[in-house]
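**Student:** Following is a predicted model, sequence given first.
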Amino acid sequence: MRGFLSPALRLNPTELQARFAGYSRGRRAKLAAVAQTTLIKADQWARGGSVDAPIADALSAAVTQPKPKKK
């Protein structure tokens, strides 16, 4: 407890959010563009922050997309 205040809330990101946070900045920017959002909102989602449901769904879908085969 922090004095008379309520305890600090701890954000618990999901496995998809943790995987997204582990990507490089360029990869995160590309996935954010696929989800039609900004990198700032995508990073906020990766931390477990609050974002709109359509954005969260689009980012989840972008992270779970199959990756192209390496040549």
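**Tutor:** Perfect, I can see it now.
**Student:** measure the residue nearest the centre of the chain to residue 7 for me?
**Tutor:** Nearest to the mean C-alpha position of the chain, by CA atoms, centre = their mean, lies residue 46 at 2.6 Å. Going from residue 46 to residue 7 by CB to CB, to the nearest Å gives 23 Å. All C-beta atoms are positioned from the backbone trio N, CA, C, and that covers glycine.
**Student:** can you check residue 13 too?
**Tutor:** Residue 13 sits 19 Å away from residue 7, going by CB to CB.
**Student:** which of the two has more neighbours?
**Tutor:** Set residue 13 next to residue 7 and count neighbours by other CB atoms under 10 Å: residue 13 wins out with 15 against 7.
**Student:** packing partners for the helix or strand encompassing residue 33?
**Tutor:** Residue 33 is part of helix 25-34, with elements assigned from DSSP states H and E. Contact here means 3 or more CB pairs under 8 Å, 6 or more residues apart in numbering; DSSP states H and E; on that basis helix 25-34 packs against helix 39-46, helix 53-64.
**Student:** Report the angle between that helix and helix 39-46.
**Tutor:** Relative orientation of helix 25-34 versus helix 39-46 (axes from the mean of the first three to the mean of the last three CA atoms, to 10 degrees): 100 degrees.
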